[in-house]
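>>> here's a sequence, model it:
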Amino acid sequence: MPTSKWIKDAQMIPEGKSYKVDSAGRIAIPAHIRAKFGIIAGEDMDYYTTFVNGRWFMCVSKHDETDHEDEENND
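The predicted structure is shown next:
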């Protein structure tokens, strides 16, 4: 599995609230989090998953072509 150079040793900061997944499998990104990261409607997002200490985690980031170019060159 490819690893990301920018997420190694990252610390996860809880946002303090949980959100339900709707019947279509969507999770809404609350306005305060969209503002914090400058996310706008229609923007592409990337999903990453990892399994650590018996738990699955998902990370979502704004799509960045340069990140994907680096990953493709490492294959």
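
>>> where in this structure is pLDDT low?
Across the chain, the ranges flagged by pLDDT under 70 are 1-10, 67-75.

>>> what are the ranges of the helices in it?
With DSSP state H as the criterion, the chain has helices at 31-37, 65-74.

>>> quick one: buried residues of the first one?
The reference is to helix 31-37. In terms of neighbour count (16 or more other C-beta atoms under 10 Å), helix 31-37 has no buried residues at all. Yep, even glycine has a C-beta here, placed from its N, CA and C like the rest.

>>> for it, list the C-alpha coordinates in PDB.
C-alpha atoms of helix 31-37 as PDB (Å, rounded to 0.1, in the frame of the first residue of the first chain):
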ATOM      1  CA  ALA A  31     -19.800  24.900   7.700                       C
ATOM      2  CA  HIS A  32     -17.100  25.700  10.400                       C
ATOM      3  CA  ILE A  33     -14.900  22.900   9.100                       C
ATOM      4  CA  ARG A  34     -15.400  23.900   5.500                       C
ATOM      5  CA  ALA A  35     -14.400  27.500   6.400                       C
ATOM      6  CA  LYS A  36     -11.400  26.300   8.400                       C
ATOM      7  CA  PHE A  37     -10.000  24.400   5.400                       C
END
